[in-house]
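Peer 1: Here is my input, please return the structure:
(one chain, ligands or ions: 1)
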Amino acid sequence: MLQATFPLADDVFAFARAPADPPARAQPLPKARHGVDVTLQALTKSFSGRRVLDGVGLELKAGEFVAIVGRSGCGKSTLLRAIAGLDGIDGGKVTIGTVDAAANTPVPLRMMFQDARLLPWKTVLQNVALGLKDGRQAAANALAAVGLADRADAWPAQLSGGQRQRVALARALVHEPSLLLLDEPLGALDALTRIEMQQLIESLWRQRGFTAVLVTHDVQEAVALADRVLLIEEGRITLDLAIDLPRPRTRGNPMFAALEEQLLNRLLNPVPASRTR
Ligand SMILES: Nc1ncnc2c1ncn2[C@@H]1O[C@H](COP(=O)(O)OP(=O)(O)OP(=O)(O)O)[C@@H](O)[C@H]1O
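Peer 2: Okay, here's the model as predicted:
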């Protein structure tokens, strides 16, 4: 369900025509949908004989916000892509809601990446409406929800990096996903824009109730956003840390700083896998 086909010739003509369509007036986003439970059982995945996921098991509750951290190359994106069904797995099972992800049944999930992956020959509104039948109104609503109602007719090249990620977020939200997978989507943004985007993602998550899984290198971001932070080491989840702080969270809170330090110390001083199994 994540892959759409893009009729190239139509797109080229659309480039010549756009943005001739009348502007769609923004309306509030529809009422929140609920998130889905996600269950991973004994996931394994190897690349060139090297085991990257080594029997990962995990249960996420509907509407939970989970962050995944770990050293570079530990398998965070591989795990996310396995949940999304983008890459095959060697063993184990992914269940989203009641659907076995291997069953080829569409599941209500969307994914955001570090780069916005917008089509440069489509306007912002057209990018968000992509793959939707009569999607202009829904796209306008989603753009308003991310604060970009006034850029609907702009081209992606006319936007800043932060604005492009807002469009990518709108493009995901317009489908009202029950599960949003975020693969380091804020990694390329400056510090201030990053915090603004974190606040936006958190507020949309609170309004809409989807389950969120965020891969991040930034432990502060993980503590700011997540209900639970998971650490991946040697192909397994070796730490599952509950972040029991009220929202919205204040970085100056001593408990915030203590959790951040705990995670950072754990990342810098890995425990041998044999002691975590
Ligand atoms: N398509 C692929 N083909 C071969 N090896 C791959 C492929 N995808 C990932 N790998 C390898 O699997 C390991 C885990 O990669 P992955 O991208 O999941 O790590 P990561 O924790 O997300 O890393 P980073 O934090 O640097 O983004 C790495 O050693 C990587 O080189």
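Peer 1: quick one, phi psi at residue 46?
Peer 2: With angles defined as degrees, to the nearest 10, residue 46 sits at phi -120, psi 150.
Peer 1: Quick check: chain neighbours aside, which residue is closest to it?
Peer 2: Counting by CB to CB, 6 or more residues apart in numbering, the nearest residue to residue 46 once its immediate chain neighbours are dropped is residue 90, at 5.9 Å. Glycine gets a C-beta too; all of them are placed from N, C-alpha and C.
Peer 1: What does the pLDDT read for the one you found?
Peer 2: The per-residue pLDDT reported for residue 90 equals 94.
Peer 1: which residues in this structure form strands?
Peer 2: Secondary structure of the chain (DSSP state E): strands located at 38-47, 50-60, 65-69, 91-96, 99-100, 109-112, 179-183, 211-215, 228-233, 236-242.
Peer 1: Each with direction, which strands does the second one pair with?
Peer 2: The partner list of strand 50-60 in its sheet, established with DSSP bridges, is strand 38-47 (antiparallel).
Peer 1: buried sites along the partner strand?
Peer 2: 38, 40, 43-45 (16 or more other CB atoms under 10 Å).
Peer 1: which residues are in contact with it?
Peer 2: 51-60, 75, 78-79, 82-83, 87, 89-96, 179, 211, 213 (CB atoms under 8 Å, 6 or more residues apart in numbering).
Peer 1: Contacting the ligand as well, which ones from the residues you listed?
Peer 2: 52, 75, 78 (CB under 6 Å from any ligand atom).
Peer 1: start to end distance for stretch 125-144?
Peer 2: This stretch, stretch 125-144, spans 11 Å end to end (CA to CA, to the nearest Å).
Peer 1: which ones are touching the closest residue to residue 96 other than its chain neighbours?
Peer 2: Distances taken as CB to CB, 6+ apart place residue 107 nearest to residue 96, at 4.5 Å, with adjacent residues excluded. Shown in contact with residue 107 (CB under 8 Å, 6+ apart): 1, 36, 85, 96-97, 99, 101, 179.
Peer 1: returning to that earlier point: need the buried ones from the contacts of strand 38-47 selected in ChimeraX.
Peer 2: Of those, the buried ones go into a single ChimeraX selection, burial set by 16+ other CB under 10 Å:
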select :52,53,54,55,56,58,60,75,78,79,82,83,89,92,94,95,96,179,211,213
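Peer 1: Just give the closest residue to the residue nearest to the spatial centre of the chain, not the sequence neighbours.
Peer 2: Closest residue to the average C-alpha location of the chain: residue 182 at 1.8 Å, with CA atoms, centre = their mean. In space, not counting the residues next to it along the chain, residue 182 is nearest to residue 214; the distance is 4.3 Å by CB to CB, 6+ apart.
Peer 1: Run through the bridge partners of the one you found.
Peer 2: Legend: beta-bridge partners of residue 214 under DSSP bridges are residue 67, residue 182.
Peer 1: I would like the residues contacting stretch 174-182, please.
Peer 2: By CB under 8 Å, 6+ apart, stretch 174-182 touches 30, 33-36, 38, 62, 80, 83-84, 96-97, 107-112, 128-129, 132, 135, 138-139, 141-142, 172-173, 201, 205, 208, 210-215.
Peer 1: from these, which would you call buried?
Peer 2: Applying 16+ other CB under 10 Å to the contacts of stretch 174-182 flags 35-36, 38, 80, 83-84, 96-97, 107-112, 128-129, 135, 138-139, 141-142, 172-173, 201, 205, 208, 210-215 as buried.
Peer 1: Poorly predicted segments of the stretch 1-150 of the chain, please.
Peer 2: 1-33 (pLDDT under 70).
Peer 1: could you redo the last one with a cut-off of 90?
Peer 2: Within the stretch 1-150 of the chain, the segments meeting pLDDT under 90 span 1-34, 85-88, 98-108, 131, 133-134.
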